[in-house]
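Participant: just need the structure, nothing else, for what follows:
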Amino acid sequence: MLLHCYSDAFLKRADIDVIPSMHEDNCTHRVAWTRSFRQVSREMPVRNRVMRFGAVLFVMAALVTILSSFENPCLQQANAVEPWQEVVVSPCGYEGGGRFTSIAVSAQIPRLIFIGSDVAGVFKSTDEGETFHPKGNGLEGFSVADILIHPDDPARVFLLTQDGLYGSRDQGESWKKESSTVRYESRYFGSRLMVFFKDVLWVAADRNGVFQVRTDASPWSAVAVPGLEKIKVNALAVFREVMVAGTDQGVFRLVDGQWQSWNEGLPADRREVFNIVAHPKGRLYLLEKTKGLYVWNEGRKQWEGHGMGSLHVMAGPPSTYKALAVHPQAPDILFAATYPEGWPHVVLKSTDGGRSWKKVSSFQLDPRAAENFARDLAGAEEIAFSPAEPQKVFLSDWSNVWKSLDEGQHWVQLHKGLQNTVVNAVRVHPFDPQKIYLAAMDNGLIASEDGGASWKRKMAGVLDGHAQTLEVSRRDPSRMYLLMNPWNRKDRVFVYKSTNGGKSWEDASFSVPPGALPRFNFVDGQSTNLALDPTSDETVYVGTNGYGLFKTTNGGKTWSAINRGITTPFVKGPNAILIDPQNTQVLFVSTLQGGVYKSEDGGSNWTPVSRQYPFTFGMAMDPSNPSRLFAARPEKKIIVSENGGLAWKEVRLPGEHPAHITSYAIAVHPTNPKIVLVGTLAYEKAADGVYASKDGGYTFKKVPMDLPQCNVLAFEVVKRQGLRFFLGFCGIGAFRCDMGDVAR
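Facilitator: Numbering: from 1, shown residues only. As a prediction, this is how the structure comes out:
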């Protein structure tokens, strides 16, 4: 799964923009100043960086002096708005398909379950996993390392993420960040990173050790327990009233306020402890990454292994281990699972304290669930017994959540509401709105023929991996093109062509140009964009982040690079390639660091047309007036052109404009071009949702959505009475939004 659903391009440079005001009807052309000071690319010579920084300070000082004496009435007008009414947001129904990182089952309310994700935050169920709902109100980080329900009060829930420690007092309905210092930034999490001990919350971090957190007062107080600051802590446990930590350098126990090594019996070169579990009846287990299970022998004062490396329950022994669970009432009943990146993916069960093991092999997919690439267990992350009903066991892996009602003999898939998917693009069939297509990370192309009620993969002939985008011909919808980024393949630009509505695909790929990519943090060489000529199904354009643009005029048989005049071949953003439907020789492309370019000869030559606004992301074009263009900009801005890119006006979305949030996706209503939508994207933090305009993109209102503020990666507006559009999110999948009569 995608680990970083954002572009950090807009964080890698410094610029000052001096722009005209936006709303000419009521405002004069005053100068609006915005400063965005960011890390300058390491490739820039030191002298140039110093000179530029000095220039920035000089201009900034001058402008601050001038502008501090007045406010911009244009920006005031844009912000003085009321929220939209009649907004209904519904999940599209594609579920599963992503990495589920952690599980918490309430001891007091067995039907209350929380599931963590690596990109979507947390999901909550109140019916024992039959249905889930994303719960992200207040979250700024969506990469969940661990979840803990208070042992005495199920209303209190704790969440450890890559950006901090959160608490909830209403069973996870809302969250409050209580500490930014206490966090777990690693994308490969440990297990059981939080534990209550003597009314104090103990939390393990991956970079700064272990903390004691007092949660009984506001604000919470976090005190570091010194000694493990430079060690990655993977698990905590309380054994005989002593705190124990499993780390990548072995086991430590806290004695008189000091961490002491506790590795007797562990091989000196095999001490990467991924899990550690203490049982109330005096048993302590750990799971070492490559050697497997060890048990603490109190009489001999050492760890003793049970030889998991010599297992004969499968063709070959596992190479690595991670997940471990112990029956809350019977310490001899254990589950262990292989490390998600190892192979094979196996769950093992022992009923004699780890002396012997049996492979658990009954994992049953729900036939009603959406089809995804994983047809079985796909790398277990965590296993959890229900504390009150231990015959019920839950398991999360890199694609699904599973539940057993018979102590792990048989497992069934849980999926309703678990939209843990990155959707890069959404397309609706031009003549049949019941047919919807999603370009998804990992799962590739997913299609529904019933408006999102059910989904099937459409990957016959396509390499598995990440679907980036697709285009459906309006002339003949059975003809489609698909752009992929297959796993572990960067040698080609992978384009596929279908002539039967996606039932099967032909390879139309081509090799990437020779030579190294430019050394910028935001350049990855990935294929990003696809555009189909509305007058010819044989003419297709492809954009990449590093190699620029390519074109075919024979349906993908041959391709040519078309980058003459483009000095920044870094194409990224939804619909970053636009074709004028009235004159298909006129093209626009949005680039990182270079802004918008225009071609008037089908891509043979390009001219920069937004030099004043050098960083742009997604674009949109008014279908009724192709001279009206929109491009997304950093700091929640967009630029608008009414004359085909000859001149631009900058518009700020309402609210604050932090450097880490950018406008990213833009869409224009197909029959009412006064309706303009903008979706936001953020670097490592919460984005800022969706904004809508009813005046052609000059003033905006935020669209209220009770959803986690994950990055908005895609729009698809449906041609109908009223406003309906589909959203593709980083993490929480696809949603449908209906906004009543605003588009009339």
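
Participant: CA atoms for contacts and neighbours, from now on please.
Facilitator: Noted.

Participant: now the helices for the protein?
Facilitator: Per DSSP state H, the chain carries helices over the ranges 46-67, 73-79.

Participant: looking at the ones you listed, which has the lowest confidence?
Facilitator: For the helices of the chain, mean pLDDT drops lowest on helix 46-67, to a mean of 30.

Participant: from Asn234, how far out is Val273?
Facilitator: 7 Å (CA to CA, to the nearest Å).

Participant: find the residues that touch each one of the two.
Facilitator: 246-248 (CA atoms under 8 Å, 6 or more residues apart in numbering).

Participant: which among these end up buried?
Facilitator: Among those, those buried by neighbour count (16 or more other CA atoms under 10 Å) are 246-248.

Participant: run a quick neighbour tally on Pro367.
Facilitator: 8 (other CA atoms under 10 Å).

Participant: and if you look at His429?
Facilitator: Neighbours of His429 under the rule other CA under 10 Å: 19.

Participant: now it. Nearest residue, chain neighbours left out?
Facilitator: Distances taken as CA to CA, 6 or more residues apart in numbering place Lys435 nearest to His429, at 5.4 Å, with adjacent residues excluded.

Participant: so what pLDDT did the residue of the chain most remote from its centre get?
Facilitator: Note on the chain: the largest C-alpha distance from the chain mean falls to Gly299, namely 48.3 Å (CA atoms, centre = their mean). Looking at Gly299, its pLDDT reads 94.

Participant: my guess is Ala631 contacts Phe615, does it?
Facilitator: No: judged on CA atoms under 8 Å, Ala631 makes no contact with Phe615 at a distance of 9.5 Å.

Participant: okay, the two: which has more neighbours?
Facilitator: Shown here are Ala631 and Phe615; by other CA under 10 Å, Ala631 has more neighbours (33 against 22).

Participant: next up, the contacts around Gln434.
Facilitator: If you count contacts by CA under 8 Å, 6+ apart, Gln434 has them with 428, 448-452.

Participant: low-confidence stretches in the protein?
Facilitator: Residue ranges of the chain with pLDDT under 70: 1-85, 307, 309-318, 342-343, 721, 741-744.

Participant: quick one, domains of it?
Facilitator: Here the domain parsing of the chain from automatic domain parsing is 95-414, 423-738.

Participant: any idea how far the last one is from the middle of the chain?
Facilitator: What it means is domain 423-738. Domain 423-738 sits 17 Å away from the centroid of its parent chain (CA atoms, centre = their mean, to the nearest Å).

Participant: what do you get for the first one?
Facilitator: Distance of domain 95-414 from its chain centroid, counting by CA atoms, centre = their mean, is 22 Å.

Participant: for that domain, how far is the first residue from the last?
Facilitator: 9 Å.

Participant: try stretch 300-320
Facilitator: 27 Å.

Participant: what residues are up against Phe385?
Facilitator: By CA under 8 Å, 6+ apart, the neighbours of Phe385 are 105, 325-328, 391-394.

Participant: sorry, back to before: closest to Val87 out of the domains of the chain?
Facilitator: Comparison of the domains of the chain against Val87 by CA to CA identifies domain 423-738 as nearest, at 5.8 Å.

Participant: before we move on, the earlier item: closest to Val89 out of the domains of the chain?
Facilitator: Among these, if distance is taken as CA to CA, the winner is domain 423-738, at 4.5 Å.

Participant: make TSV out of the contacts of Phe385 and add neighbour count and distance to Pro626.
Facilitator: Below are the contacts of Phe385 laid out as TSV (neighbours: other CA atoms under 10 Å; distance: CA to CA, whole Å):
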residue	neighbour count	distance to Pro626
Val105	25	54
Ala325	23	60
Val326	25	63
His327	20	65
Pro328	20	65
Gln391	15	63
Lys392	19	59
Val393	25	57
Phe394	27	53
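
Participant: any chance of the residues you listed in CSV, with distance to Cys710 too?
Facilitator: Below are these laid out as CSV (distance: CA to CA, whole Å):
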residue, distance to Cys710
Val105, 25
Ala325, 31
Val326, 35
His327, 36
Pro328, 36
Gln391, 36
Lys392, 32
Val393, 30
Phe394, 26
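
Participant: nearest to Thr680, of these?
Facilitator: Val105 (33.5 Å).

Participant: contacts only, for the closest one.
Facilitator: Applying CA under 8 Å, 6+ apart to Val105 gives the contacts 111-114, 149, 384-387.

Participant: ok, of the residues you listed, which one's closest to Arg519?
Facilitator: Nearest to Arg519 out of those is Phe114 (CA to CA; 41.2 Å).

Participant: Asn443 against Tyr94, yeah?
Facilitator: No: using CA under 8 Å, Asn443 and Tyr94 do not qualify as a contacting pair, with a distance of 10.8 Å.

Participant: okay, those two: which has more neighbours?
Facilitator: Tyr94 (30 against 27).

Participant: burial count for the spatially closest residue to Ala380 that is not a sequence neighbour?
Facilitator: Once flanking residues are discounted, Ala380 sits nearest to Asp397: 4.1 Å by CA to CA, 6+ apart. Applying other CA under 10 Å, we find 23 residues neighbouring Asp397.

Participant: Asp397 and Leu377 touch, don't they?
Facilitator: Yes: under the criterion of CA under 8 Å, Asp397 makes contact with Leu377 at 7.1 Å.

Participant: coming back round to it: residue contacts, the residue nearest to His429?
Facilitator: By CA under 8 Å, 6+ apart, the contact list for Lys435 reads 428-429, 447-452.

Participant: ok, now Asn137?
Facilitator: Contacts for Asn137 (CA under 8 Å, 6+ apart) come out as 173-175, 706-709.

Participant: repeat that for Arg474.
Facilitator: Taking CA under 8 Å, 6+ apart, one finds 430, 534 in contact with Arg474.

Participant: still on that earlier bit, could you measure the residue nearest to His429 against Asp537, distance?
Facilitator: Taking CA to CA, one finds Lys435 at 20 Å from Asp537.

Participant: among the domains of the chain, which is nearest Val88?
Facilitator: It is, among these and with distance given as CA to CA, domain 423-738, at 5.2 Å.

Participant: now do the end-to-end distance for the closest one.
Facilitator: For domain 423-738, by CA to CA, the gap between its terminal residues amounts to 19 Å.

Participant: going forward, the N-terminal residue is numbered 29.
Facilitator: Renumbered: residue one is now 29, and that last one reads domain 451-766.

Participant: would you map the strands across the stretch 379-528 of the chain?
Facilitator: Residue ranges of the strands in the stretch 379-528 of the chain, as given by DSSP state E, counting those that start in this stretch, are 386-388, 391-392, 408-413, 421-425, 429-432, 439-442, 449-456, 464-468, 472-476, 484-485, 493-500, 508-514, 520-526.
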